[in-house]
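In: No sequence on hand, only this structure:
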């Protein structure tokens, strides 16, 4: 507390920082909760709803998001154009095909508070379908947040030593032949 | 005539050798092709006492692992023997890969020795792992010359139902009667959990 100046402390508490989240193989709901917490500023002890203390959040690899269960086929995003006969229902897979950022954007939009600050918070959210980020955003990034879900390893990613170290659970009978 | 008799004898010898080979070797070693020697033998250049252009295949027992004694050898099914009853999931590919064929199909219960409920749980985990893409080398063989169309890849995990069989939920229902989206499998509900959070299968 005494080692830095008052001005440095002021900057550190009230500056708006930029966070990076990698959404590869992650469920969009968990990504959205992390983003909404940081966009509102709820991760700061100086939080107040009216004091505009939210930070910027950059989400990359939104194209490689992973839904649990059969949600790609079952989850339906509905909208109405306002005109008669304009009720549109699209599955998550179709929506992702059309726009890879839409699922994460809608998830975060639904988790923010329903007030006029929601739109400004959405302006501070930056979504990218792949991991090539523009330079000006790369310069601003302060911290990368850890991924919420642990990605399981494929069988091809295990080394031969690990496969040999794993014991054989059952022994095939003598007259058994594998096809 | 002599040539065909010699070929038949060598083929029978090969079959006998490969049978010995299979008995001694664990499943993971690939099969020796049965008729490779026969193809290489030239029927015309066959002389008595001299064998030209033959390849002799020796059946050597290659044991990759010595058999380790399980902690509970008296139990009937292998999972109870190794104390893995409620401890595995779709991510434990090293365990699941021991119960599947090279094209992804499950091995029969009478061969593996699993009890009925464990066989069902393992097959459910194997299906979920295949849909997640954790078993990329255990896919069924495509017919020759078939070029698969490039489909958009959608990452998924804990998928209970097969992808083509599921329909979109157009009417989700009101708050007290929502139609849930199932995640995971109810047969794994008794797995040990080290967190206090309950297991949600209805999202």
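Out: Arrived safely. A quick note: this is a predicted structure, and the numbers were derived from the prediction, not measured.

In: Show the pLDDT at the closest residue to residue B:138 other than its chain neighbours.
Out: Nearest non-adjacent residue to residue B:138, counting by C-beta to C-beta, 6 or more residues apart in numbering or on different chains: residue B:104, 4.2 Å away. Glycine gets a C-beta too; all of them are placed from N, C-alpha and C. Residue B:104 is assigned a predicted lDDT (pLDDT) of 92.

In: For burial, what's the neighbour tally of residue A:59?
Out: By the criterion of other C-beta atoms under 10 Å in any protein chain shown, residue A:59 has 27 neighbours.

In: Could you verify my assumption that it touches residue A:129?
Out: No - checked against C-beta atoms under 8 Å, the pair residue A:59 and residue A:129 is beyond contact range at 9.7 Å.

In: before we move on, back to that, verify the contact between the residue nearest to residue B:138 and residue B:129 for me.
Out: No - contact criterion C-beta under 8 Å: residue B:104 and residue B:129 do not qualify, at 9.8 Å.

In: So between the two, which is more surrounded?
Out: Taking other C-beta under 10 Å, residue B:104 and residue B:129 do not tie; residue B:129 has more neighbours (25 against 15).

In: Is it correct that the more buried one falls within a helix?
Out: Yes - judged by DSSP: H, G, I helix; E, B strand; the rest coil, residue B:129 forms part of a helix.

In: Quick check: closest non-adjacent residue to it.
Out: Spatial nearest neighbour of residue B:129, excluding adjacent residues (C-beta to C-beta, 6+ apart): residue B:90 at 4.7 Å.

In: residue ranges with poor pLDDT in chain B?
Out: Applying pLDDT under 70 to chain B flags the ranges B:1-52, B:59-65.

In: which residues in it form strands?
Out: Under the criterion DSSP state E, chain B contains strands at B:155-157.

In: again with chain A
Out: Taking DSSP E as the criterion, chain A contains strands spanning A:18-22, A:56-60, A:66-68, A:76-80, A:87-91, A:125-127, A:141-144.

In: Of all the ones you listed, which one is nearest chain B?
Out: strand A:66-68 (3.6 Å; C-beta to the nearest C-beta).

In: So which residues of chain B form helices?
Out: B:2-24, B:36-40, B:78-81, B:93-96, B:109-112, B:116-132 (DSSP state H).

In: One more: chain A?
Out: Using DSSP H, the helices of chain A run over A:6-14, A:28-40, A:71-74, A:92-98, A:102-111, A:117-123, A:135-140, A:160-165.

In: low pLDDT regions in chain A?
Out: Residues of chain A that meet the cut-off, pLDDT under 70, sit at A:1-2.

In: Tell me which residue lies nearest the centroid of chain B.
Out: The residue lying closest to the centre of chain B (C-alpha atoms, centre = their mean) is residue B:100, at 1.8 Å.

In: so what's that one up against?
Out: B:106, B:107, B:126, B:135, B:138 (C-beta atoms under 8 Å, 6 or more residues apart in numbering or on different chains).

In: Please enumerate residues in contact with stretch B:195-203?
Out: The contact list for stretch B:195-203 (C-beta under 8 Å, 6+ apart) reads A:68-69, A:71, B:180-186, B:189, B:191, B:193.

In: Neighbour-wise, give me the winner out of those.
Out: For the contacts of stretch B:195-203, neighbours tallied by other C-beta under 10 Å; top is residue A:71, 27 neighbours.

In: number of nearby residues for residue B:110?
Out: Around residue B:110 there are 9 other residues, counting by other C-beta under 10 Å.

In: how close does it sit to residue A:173?
Out: 9 Å (C-beta to C-beta, to the nearest Å).

In: anything in contact with each of those two?
Out: Common neighbours of residue B:110 and residue A:173, using C-beta under 8 Å, 6+ apart, do not exist here.

In: Next, name the residue at the spatial heart of chain A.
Out: The centre of chain A sits closest to residue A:31, judged by C-alpha atoms, centre = their mean, with a distance of 3.0 Å.

In: so who does that one touch?
Out: Here residue A:31 is in contact with A:21, A:23, A:59, A:65, A:104, A:107, A:148 (criterion: C-beta under 8 Å, 6+ apart).

In: what residues does stretch A:83-90 touch?
Out: Stretch A:83-90 has contacts (C-beta under 8 Å, 6+ apart) with A:76, A:77, A:78, A:79, A:80, A:81, A:98, B:168, B:170.

In: Determine which two of those are furthest apart.
Out: Distance extremes for the contacts of stretch A:83-90: the farthest pair is A:81 and B:168 at 19.5 Å, using C-beta to C-beta.

In: Neighbour count for the two, which is higher?
Out: The neighbour comparison of residue A:81 against residue B:168 (other C-beta under 10 Å) goes to residue B:168, with 17 against 9.

In: Make sure the more buried one is actually in contact with residue A:91.
Out: Yes - using C-beta under 8 Å, residue B:168 is in contact with residue A:91, at 4.7 Å.

In: Need the overlap of contacts for these two.
Out: Taking C-beta under 8 Å, 6+ apart as the criterion, residue B:168 and residue A:91 both touch A:73, A:74, A:75, A:76.

In: and chain B, which of these reach it?
Out: A:73, A:74, A:75, A:76 (C-beta under 8 Å from any C-beta of the partner chain).

In: Contacts only, for residue A:158.
Out: Taking C-beta under 8 Å, 6+ apart as the test, what residue A:158 contacts is B:93, B:94.

In: Could you measure from it over to residue A:118?
Out: As defined by C-beta to C-beta, residue A:158 lies at a distance of 45 Å from residue A:118.

In: try residue A:11
Out: From residue A:11 over to residue A:118 the distance is 27 Å, taken as C-beta to C-beta.
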